[in-house]
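predicted structure and sequence below. I'll ask about it afterward.
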Amino acid sequence: MIRTLEISNMAAARRLKRVAASQPGFLSLKSSNTAGVVGSRRKRYNKNKKKNWNKHIDINDVEDFLEDIRHQERTTGGLLTEKPDDSLFFLDVGQQQKADHKASAQTVSKKRKGKSQRPLRVDLILQNDSLVPPVKDVLAYQQPNAKKLRYSAKRVEQQAAKGKVPRQQRKLLNRQSSNVRERKAVTEANNNPKRDYYDLWGQECKSSADPWYLQQTGKKLVKRPEKLNEKPSVLPSVEVIAPGGSYNPDFFSHQALLQEAHDVEVKKHKAEEKIDRQLAIKKEDRATEETIFQEQVEGLVEENEDEVPRIEEEEDCGVGGAIALAEKKTERQRKKEKAEKIKDQQRLAERHQTKRRQQLFQLRSIKAAIKQQEKRACARQKQRKAKMEAQKAQPRRLGKLKFKAEDLEIKLSDELTSSLRQLKPEGSILKDRFKSLQKRNLIEPRERAKFKRKYKLKYVEKRAFREIT
């Protein structure tokens, strides 16, 4: 039925257009040749096909109807046909009384004297003028594991109806009751003037929550191990050079620093000489004329081999005695061995007792020996502690390379200047910081990576160069 009405409306609209176009003085906006348009036959489309429904069917009346409904919903909050009469009409009772008129005039005069009560245009533009309610957010009402939670809540209600309390809730109630008793004794009033001062910027954070709750929820911070608070080295981050390293130092302090640098160089020179001595060839190992002649003659002279003495064969009785089984002991021999064994044990026990009796007379010497042993142990312990303290100031072996200290940056006596402007800078700040990190055991000693070419270079003469040569 709706389909037939739409087709009839479309036919009527097309008929009106054709009649209007046939009237004299009608101007078409699409083309100037109106006679050709009017006289030409209208193209027909198959309305049974779905692809022609949106192209060649006029649905303006349906869109106007839907737009009218949307307009009513925006302005009035719903359709006018569904609204009650009280909201659409009002009763006109005429003019009000004079008193009301005077009171209204006074209020108007007061409003004019004061600030304007009308909202600004900017505020009116920003206000929402639509009465359509916002779309319901379905995701806001969703809850993860809702079915499982409903089942658990239902089960708790069933147990509560029977008079049973769940185990977790029972433990929670017991813990809460104990915490309340403790808090009554520990907590203090906020207006107590004798309470401790709370440092807002302090490192320790005061938390009034239950420690068990913080631990279970993962909000409690992990306790930092004491080993992480220890510094890897006792050396300062920036070491100040001796007074002799100043641009205008004292004579004695400068000479002391020169002596220190001299000792370092002497130590290096001795280490190099030691390596040279170890690698040097000894005089005994050098080849002489005799050793050279022996090497040349070796293998030319045949020596007579001495006759090897033959070893006489062992007697048959000796071999047979080793293989023969041991003879069985008699009862008399066993009794004799047992008696000798008991005598040996008694002799050892008597000797042990005599030693213990003699130790009673050696108490003074034993005490003196114990005291000396304790003194040696204390001395070794002190020595070990001193060694450990000295090692704290020394760089440790963190990698395959050893730490090599930089040379002292010092000026010789003839290089000293009288002013800071004439001073020539030495060393590098970046290298100094890098060495300081290695010395304080923060990073391991490193060396610059050496570039190793994977393939050999290949030289090729270009054609232009070959032509010139």
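Cool, the structure landed. Residues are numbered from 1 along each chain as shown.

rest of the way, CA atoms for contacts and neighbours
Fine.

in the helix or strand hosting K385, which residues are buried?
Using DSSP states H and E, K385 sits in helix 363-392. Residues of helix 363-392 classed as buried: K392 (neighbour count, 16 or more other CA atoms under 10 Å).

how far out from the middle of the chain is it?
Centroid separation for helix 363-392 versus its chain: 46 Å, with CA atoms, centre = their mean, to the nearest Å.

what's that helix packed up against?
Contact partners of helix 363-392 among helices and strands, from 3 or more CA pairs under 8 Å, 6 or more residues apart in numbering; DSSP states H and E: none.

that helix: what's the following helix or strand?
Next element after helix 363-392 (DSSP H and E): helix 429-439.

show me where pLDDT drops low in the chain?
1-40, 95-116, 176-190, 196-200, 202-209, 301-325, 465-469 (pLDDT under 70).

quick one, domains of it?
Domain assignment for the chain, taken from automatic domain parsing, gives 141-181, 238-275.

out of these, deepest packed?
domain 238-275 (a mean of 13; mean count of other CA atoms under 10 Å).

so which of the domains of the chain comes closest to K371?
Closest approach to K371 among those (CA to CA): domain 238-275, 41.9 Å.

send the alpha carbons of stretch 273-281 over as CSV?
The C-alpha trace of stretch 273-281 is given here as CSV (Å, rounded to 0.1, in the frame of the first residue of the first chain):
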residue,chain,number,x,y,z
GLU,A,273,113.6,-3.2,33.1
LYS,A,274,112.2,-6.2,34.9
ILE,A,275,110.4,-7.3,31.7
ASP,A,276,113.5,-6.8,29.6
ARG,A,277,115.6,-8.9,32.0
GLN,A,278,113.0,-11.7,31.9
LEU,A,279,112.9,-11.7,28.2
ALA,A,280,116.7,-11.3,27.7
ILE,A,281,118.8,-14.3,26.4
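
and the most centrally placed residue in the chain, what is it in contact with?
Centroid check for the chain by CA atoms, centre = their mean gives V222 as the closest residue, at 14.6 Å. Neighbour list for V222: empty [criterion: CA atoms under 8 Å, 6 or more residues apart in numbering].

for K171, helix, strand, or coil?
helix (DSSP: H, G, I helix; E, B strand; the rest coil).

dump the domains of the chain to JSON lines, plus distance to K336.
Shown next, in JSON lines, are the domains of the chain (distance: least, CA to CA, whole Å):
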{"stretch": "domain 141-181", "distance to K336": "78"}
{"stretch": "domain 238-275", "distance to K336": "71"}
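
mind checking which of these is nearest N60?
Nearest of the domains of the chain (CA to CA): domain 141-181, 39.3 Å.

chain center to the closest one, what's the gap?
Worked out by CA atoms, centre = their mean, domain 141-181 lies 38 Å from the chain centre.

please apply the same query to stretch 398-406.
With CA atoms, centre = their mean, you get 29 Å for stretch 398-406.

contacts for it next, please.
With CA under 8 Å, 6+ apart, stretch 398-406 has contacts from P395, R397, K435, Q438, K439, N441, I443, E444, P445, R446.

same thing but 7 Å
P395, E444, P445, R446 (CA atoms under 7 Å, 6 or more residues apart in numbering).

buried stuff in that stretch?
F403.

what's the first-to-last distance across it?
With CA to CA, to the nearest Å as the measure, the ends of stretch 398-406 fall 18 Å from one another.

stretch 446-453 now?
End-to-end distance for stretch 446-453, by CA to CA: 21 Å.

that one: how far from the chain's middle?
Remark: stretch 446-453 is offset 31 Å from the chain centroid, using CA atoms, centre = their mean.

just to revisit the earlier point, now list the buried members of the contacts of stretch 398-406.
P395, E444, P445.

redo those residues as CSV? Include distance to R277.
Compiled in CSV, the buried ones among the contacts of stretch 398-406 are given as follows (distance: CA to CA, whole Å):
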residue, distance to R277
P395, 29
E444, 32
P445, 29
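
out of the residues you listed, which is nearest to L126?
Using CA to CA, the buried ones among the contacts of stretch 398-406 come closest to L126 at E444, 65.0 Å.

please, where are all the helices along the stretch 1-150 of the chain?
In the stretch 1-150 of the chain, the helices defined using DSSP state H, counting those that start in this stretch lie at 2-22, 34-39, 53-56, 60-76, 85-88, 98-113, 121-126, 138-141, 146-162.

which strand or helix spans R175?
Using DSSP H and E, R175 falls in helix 167-186.

spatially nearest residue to K220 (excluding sequence neighbours)?
L214 (5.0 Å; CA to CA, 6 or more residues apart in numbering).

phi, psi for the residue nearest to T76 when sequence neighbours are not counted please.
Computed as CA to CA, 6+ apart, the closest residue to T76 that is not its neighbour in sequence is L131, at 6.5 Å. Main-chain torsions, L131, degrees, to the nearest 10: phi -100, psi 10.
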